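In: below is the structure, and that's it, no one-letter string:
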Ligand SMILES: [Zn+2]
């Protein structure tokens, strides 16, 4: 089984790596507060 490296694209949230949520070790997922689940890095607008 090959391991895939998580590539961090520019514009992706650095906390959840663009996924928009965190995978919990105990199961389930939690929405990323940094990007509010969008998976995108918050930018100054
Ligand atoms: Zn995020």
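Out: Yep, it's here. Remember, predicted model here, so these are calculated numbers, not experimental data.
In: any idea how many residues pack against residue 16?
Out: 22 (other C-beta atoms under 10 Å). For every residue, glycine as well, the C-beta is placed using N, CA and C.
In: which residues of this structure lie near the ion?
Out: Within the chain, the positions near the ion by C-beta under 5 Å from the ion are 13, 15, 16, 32, 34, 35.
In: for this structure, which segments count as strands?
Out: 21-23, 29-31 (DSSP state E).
In: can you redo those strands as TSV with mean pLDDT and mean neighbour count?
Out: Below are those laid out as TSV (pLDDT from 0 to 100; neighbours: other C-beta atoms under 10 Å):
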stretch	mean pLDDT	mean neighbour count
strand 21-23	92	14
strand 29-31	95	12
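In: right, and those - which one's nearest residue 42?
Out: strand 29-31 (13.9 Å; C-beta to C-beta).
In: so what strands line up beside that closest one?
Out: With DSSP bridges as the test, strand 29-31 is paired with strand 21-23 (antiparallel).
In: distance between the strand it pairs with and the chain's centre?
Out: Centroid displacement of strand 21-23 relative to its chain, using C-alpha atoms, centre = their mean, to the nearest Å, is 7 Å.
In: so where's the protein uncertain?
Out: 1, 6-9, 44-45 (pLDDT under 70).
In: can you tell me which residue is nearest the centre of it?
Out: residue 16 (2.0 Å; C-alpha atoms, centre = their mean).
In: now render the strands of the chain as TSV, adding distance to residue 39.
Out: Output for the strands of the chain, formatted as TSV (distance: least, C-beta to C-beta, whole Å):
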stretch	distance to residue 39
strand 21-23	8
strand 29-31	10
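In: do a quick rundown of the helices in this protein.
Out: For the chain, applying DSSP state H gives no helices.
In: number of nearby residues for the closest residue in space to residue 35 that isn't next to it in sequence?
Out: Distance criterion C-beta to C-beta, 6 or more residues apart in numbering; nearest residue to residue 35, sequence neighbours excluded, is residue 13 at 3.9 Å. By other C-beta under 10 Å, 21 other residues sit near residue 13.
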